[in-house]
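In: Fold the following and give me the result.
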Amino acid sequence: MTTSAPLVDPRTIALAHYAARAVLERVLASYGTTFQQNVTLRLAAVADGPVERLTLVDGVTGALKVDAADAHKTIDELVAAGLLVAAEASRLDITDAGRELYAKTSAETAPVTARIYAGLSEEDRAVTGRVLTLITERANAELAALEARRG
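Out: Numbers count the residues shown, from 1 in each chain. Predicted coordinates:
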């Protein structure tokens, strides 16, 4: 008897997300940092120089669906920890310590990620990517409509 794979639905997406996130959070915890801090630090690490604070806030709120106050708090935590620094006016830059932390956590999670994705064909990953992108777009549109109704 062959068991068929489940159809993608909110539960299968959530189970995959939380399993992968738990792996990352275990790594981050060993460095004393949180998932939200890591997302924020990544935005600064991949930028081409200093980033407008509001750009970081928008990136965090867009990715994690947290409110702006939470994103500002996370940025303040990273500044206090010496991982981000005010570069000029309203711009922030990642410090050497921030870049080093981001590099270490990325390097530590890379082989884990490779094992998780091992054996998945490029075609399967492309189909999954397209489907998840479409689901994300539709969910974002629904969220925007809900927020607009709340006014």
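In: Would you enumerate the residues in contact with Gln36?
Out: By CB atoms under 8 Å, 6 or more residues apart in numbering, Gln36 lies in contact with 60, 64, 66, 70, 74. For glycine as for every other residue, the C-beta is placed from the backbone atoms N, C-alpha and C.
In: please redo it, this time with the cut-off set to 10 Å
Out: Residues in contact with Gln36 (CB atoms under 10 Å, 6 or more residues apart in numbering) are 28, 60, 63-64, 66, 70-71, 73-74, 77-78.
In: Just give me the closest of these to Leu84.
Out: For the contacts of Gln36, the minimum distance to Leu84 (CB to CB) is 4.3 Å, reached by Leu78.
In: hey, where'd the strands end up in this structure?
Out: Assigned by DSSP state E, the chain shows strands spanning 51-52, 84-88, 91-94.
In: and those, which is most packed in?
Out: strand 91-94 (a mean of 20; mean count of other CB atoms under 10 Å).
In: How many neighbouring residues does Asp48 have?
Out: The local packing of Asp48 (other CB atoms under 10 Å) involves 5 other residues.
In: Give me the phi and psi for it.
Out: The phi/psi pair for Asp48 (degrees, to the nearest 10) reads phi -90, psi 60.
In: So that it lines up with my notes, have the first residue be 362 from now on.
Out: From this message on, residue numbering opens at 362, which makes the last subject Asp409.
In: can you tell me how far it sits from Ala464?
Out: Here the criterion is CB to CB, to the nearest Å. By it, Asp409 lies 17 Å from Ala464.
In: related to what we said a few turns ago, any idea which of the strands of the chain gets closest to Leu493?
Out: strand 412-413 (26.1 Å).
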